[in-house]
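Asker: Structure, please.
(chains A and B)
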Protein chains: 2
Amino acid sequence: MSNKLRGACLFGQSGGPTSVINASAAGVFLEALKHDEITEIYGAEHGVKGILEEKFFDMRQEDPKELEFLKNTPSSALGSVRYKLKPFSVDESEYKKLYEIFKRYNIRYFFYNGGNDSMDTCNKISKYLQIQKYECRIIGVPKTIDNDLFGTDHCPGYGSAAKYVAISLMELYLDTKVYDTGMVLIVEVMGRNAGWLTAASVLGTPKGYGPDLVYLPETPFDVDEFIEDVKRVSAEKKNKVIAVISEGIKDSEGRYISEYLVSLKKDSFGHAQLGGTATVLAGIVADKFKIKVRPIEYSLLQRCSAHIASKTDVDEAFNVGAIAVQKAIAGETDKMVTIIRDPNSKEYKVDYQLIDVELSANAEKRVPEEWIKPDRSGMTQEFYDYALPLIQGVTNYPTEDGLPRFAHLKKVYAPKK
Amino acid sequence: MSNKLRGACLFGQSGGPTSVINASAAGVFLEALKHDEITEIYGAEHGVKGILEEKFFDMRQEDPKELEFLKNTPSSALGSVRYKLKPFSVDESEYKKLYEIFKRYNIRYFFYNGGNDSMDTCNKISKYLQIQKYECRIIGVPKTIDNDLFGTDHCPGYGSAAKYVAISLMELYLDTKVYDTGMVLIVEVMGRNAGWLTAASVLGTPKGYGPDLVYLPETPFDVDEFIEDVKRVSAEKKNKVIAVISEGIKDSEGRYISEYLVSLKKDSFGHAQLGGTATVLAGIVADKFKIKVRPIEYSLLQRCSAHIASKTDVDEAFNVGAIAVQKAIAGETDKMVTIIRDPNSKEYKVDYQLIDVELSANAEKRVPEEWIKPDRSGMTQEFYDYALPLIQGVTNYPTEDGLPRFAHLKKVYAPKK
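Answerer: Residues are numbered from 1 along each chain as shown, chains lettered A, B, ... in the order given. Next up is the predicted model:
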């Protein structure tokens, strides 16, 4: 597996951005620059959409110093996309086009950075090119704040978002307790099917600053039960309640509560109410208890607050990018990079390995149910042991005039071929 | 004015908390510990309410090292209150009670930390005790993220909240631009009558990461004009619009838009919709343009995110507390501490002075209208020159296990007298 393959390298970003997805881009680009086998280095604008439209940035035109700044620049610098390729058994047209483009640009290395859907894209392109007997080494680079990719201990993006969720909750805890009047705070955290990020809200609990109630999508949510929980905690804790819910909470039949409540979300003029589940639940609680209720949605802030990123996360995000390139150069293809924690080391220690990209594309990793306390009061010790190492370390967040210094990319389009 | 006055010192926190209000508490307590004239050091629980209930923490029981940690602990460590004393010409009963309590505990130094309403409380107590000929030196310690206190260049609390608003907006800017599909982001910032904090959202504009539209309470807001503005920017900027609104935007007759839209804020089940103005406006935009709209409320996060506090702000907050004590020891009373910027210094430099607390209690400082661009595109250079120095510097935010290390106060009640 060390046959030399010479050609262009193509990298794309896909799915929801994170605080560290650009760190993986930096890892790919800075590593690619080291290898003679790699001729051109292309960055696709808006992921697979940019590939289909042949919108390739020539990354060799960028100042490597600016590529370093990508480590601390949130969101997807090349532009992202949400685009699901149909199976090629259903519609081959886009695959043919992609194959033509790969040939025309002599793309022999393809790295795609994203979550489940992006690994699905990666896998489909990889399988199609294999059938065409077009040699291209394809490695998926994991990324998602949801942390739900299969086969990896955790995903780059999760640690920083988890740190945001945990620290913000600790700060909100102090703010919520400041008056001696009643107050119910309902915080909504991202995560449609996996509650990893919502669970991170408890990390301050052992310090004394955690939520009272936590609802993950892994266990069924019942509005009446929620009301009873709030009532119970309110009685125990002088009318102060902090509840954290996942945007993905579902009822016992698997219906999203956000959809379930959609009828409540039209105002009297028929306008769509764009507030999330926390806002709707807050309305119900306020109505029932005549108490002050405040819904807070972390919204986009939880995925783009690079100013509070975890150093561990930034470093690992960079590494998965660099390692994807190294492994491809060494002959690997059709894989996704994984982060594997050493189970025998007392200190947190990881190794980077590979998994068939197909396996990762079609599975979803949820929070083990036995880690979730059944009374909705939080998480077991296993979760703390799992998550705490991932939020460690303060990044060297560059600033200029007291404001973040983000990467300045030239973004020069490569000439069309 | 250097007559020695021996007695107890009482400190209280009032109004909405900030990231740095506890830094002022640290300033007061650590300075008070240095002066022999000060016998007891009391911290009132929940401001004037705790005074009336004689709930005094004995601050001499606290470890001075923990008082240092207060500098980086957000929210009001002693508990806050929203409580407006009636004028004593209307109802003297509470003043009589306060006077009794001050006498019984021999309180000769009183420091009250808050915004306009708190300075009003401070002023009323001061004037009443003067009439009673009870010698007590009373100094107001300014605090408000709204930055609307009269007589001071700026208020402790503003710099850190402004930094949060500016940096979060820069990060959101990158996130919002990530897809090539249309997106309107509407961010709501605190500030009922003054737009200082909303204005801070533009600080990243010269770097290339600022909002397209900014609406302060100082200029009338019109929903139809807003829709036209969004339409215009959307056409100019590929359907990408970032609008920042103050929670306090008002129509030309001075009615709050949030109240104006209250009829829209009941859902079809009659529940109160607790989303703010941004959410309601987002609904209207989504309805008009069939475009993706996301409302984001910074909500409590903007006032408690000590992890991103401005060092300048933390230092000044500490100093106003310490200087309040020094000035009182020196014989001053019936004043509020002010921060005065040196107009002749090229570098940002401040001096701490005093103003009659009555003046500050009854006036509100708004953003000069000539600093606000009439096309709602942002602020003039004067605002940047004013605000940028206030957000500078990174604090030494203490952590433990990667999480904030907040002050641990014993909070031992002083024995009742």
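
Asker: Now do stretch A:138-156: distance to the chain's middle.
Answerer: 8 Å (CA atoms, centre = their mean, to the nearest Å).

Asker: I'd like the mean pLDDT over it, please.
Answerer: Averaging pLDDT along stretch A:138-156 yields 97.

Asker: Is there proximity between it and chain B?
Answerer: No: counting by CB under 8 Å from any CB of the partner chain, chain B has no neighbours in stretch A:138-156; the shortest distance is 11.7 Å. In this view, the C-beta of every residue, glycine as well, is placed from N, C-alpha and C.

Asker: how about that stretch as CSV, C-alpha atoms only?
Answerer: In CSV, the C-alpha atoms belonging to stretch A:138-156 read as follows (Å, rounded to 0.1, in the frame of the first residue of the first chain):
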residue,chain,number,x,y,z
ILE,A,138,-10.8,9.3,-0.7
ILE,A,139,-10.8,9.9,3.0
GLY,A,140,-13.6,11.4,5.1
VAL,A,141,-12.7,13.9,7.7
PRO,A,142,-15.1,13.8,10.6
LYS,A,143,-16.8,16.9,12.0
THR,A,144,-20.0,17.5,13.9
ILE,A,145,-21.0,19.3,17.1
ASP,A,146,-23.7,16.6,17.4
ASN,A,147,-20.9,14.0,18.1
ASP,A,148,-23.0,11.3,16.5
LEU,A,149,-20.6,9.8,14.0
PHE,A,150,-20.1,6.0,14.3
GLY,A,151,-16.7,4.5,14.8
THR,A,152,-14.9,7.4,16.4
ASP,A,153,-14.6,8.0,20.1
HIS,A,154,-15.8,11.6,19.5
CYS,A,155,-16.0,14.1,16.6
PRO,A,156,-14.0,17.3,16.1
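
Asker: Buried by neighbour count: which residues of that stretch qualify?
Answerer: Neighbour counts over stretch A:138-156 (16 or more other CB atoms under 10 Å in any protein chain shown) mark A:138-156 as buried.

Asker: pLDDT value on the closest residue to A:E400 other than its chain neighbours, please?
Answerer: Excluding the flanking residues, the one nearest A:E400 by CB to CB, 6 or more residues apart in numbering or on different chains is B:K207, at 7.4 Å. Looking at B:K207, its pLDDT is 97.

Asker: who touches B:K207 in this structure?
Answerer: Residues in contact with B:K207 (CB atoms under 8 Å, 6 or more residues apart in numbering or on different chains) are A:400-401, A:403, A:406, B:170.

Asker: Can you name the next helix or strand after the lowest-mean-pLDDT helix or strand in chain A?
Answerer: The helix or strand of chain A with the poorest confidence is helix A:257-260; it has a mean of 76 (mean pLDDT, DSSP states H and E). Note on helix A:257-260: by DSSP states H and E, the next helix or strand toward the C-terminus is helix A:277-289.

Asker: Could you name the helices and strands sitting against that next one?
Answerer: strand A:183-189, helix A:223-236, strand A:240-246, helix A:257-260, strand A:293-297 (3 or more CB pairs under 8 Å, 6 or more residues apart in numbering or on different chains; DSSP states H and E).

Asker: in that helix, what's buried?
Answerer: In helix A:277-289, counting by 16+ other CB under 10 Å, buried: A:277-286, A:289.

Asker: could I have that helix exported to PDB, CA atoms only?
Answerer: Extracted in PDB, the C-alpha atoms of helix A:277-289 (Å, rounded to 0.1, in the frame of the first residue of the first chain):
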ATOM      1  CA  THR A 277     -39.100  24.300  21.400                       C
ATOM      2  CA  ALA A 278     -37.800  26.100  24.500                       C
ATOM      3  CA  THR A 279     -39.900  29.200  23.700                       C
ATOM      4  CA  VAL A 280     -43.100  27.100  23.200                       C
ATOM      5  CA  LEU A 281     -42.500  25.200  26.500                       C
ATOM      6  CA  ALA A 282     -41.700  28.400  28.300                       C
ATOM      7  CA  GLY A 283     -45.100  29.700  27.100                       C
ATOM      8  CA  ILE A 284     -46.800  26.600  28.600                       C
ATOM      9  CA  VAL A 285     -44.900  26.900  31.900                       C
ATOM     10  CA  ALA A 286     -45.700  30.600  32.200                       C
ATOM     11  CA  ASP A 287     -49.300  29.800  31.600                       C
ATOM     12  CA  LYS A 288     -49.500  27.000  34.100                       C
ATOM     13  CA  PHE A 289     -47.500  28.500  37.000                       C
END
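
Asker: Tell me the gap between it and the middle of its chain.
Answerer: For helix A:277-289, the distance to the chain centre is 28 Å (CA atoms, centre = their mean).

Asker: Could you pull up the residues touching A:P211?
Answerer: Counted by CB under 8 Å, 6+ apart, A:P211 has contacts A:169, A:173, A:187, A:201-202, A:205, A:242-244, A:378.

Asker: Repeat that for A:R303.
Answerer: A:R303 touches A:16-19, A:74, A:145, A:157, A:161, A:190, B:175, counting by CB under 8 Å, 6+ apart.

Asker: May I see the buried residues of stretch A:173-185?
Answerer: Applying 16+ other CB under 10 Å to stretch A:173-185 flags A:173-180, A:182-185 as buried.
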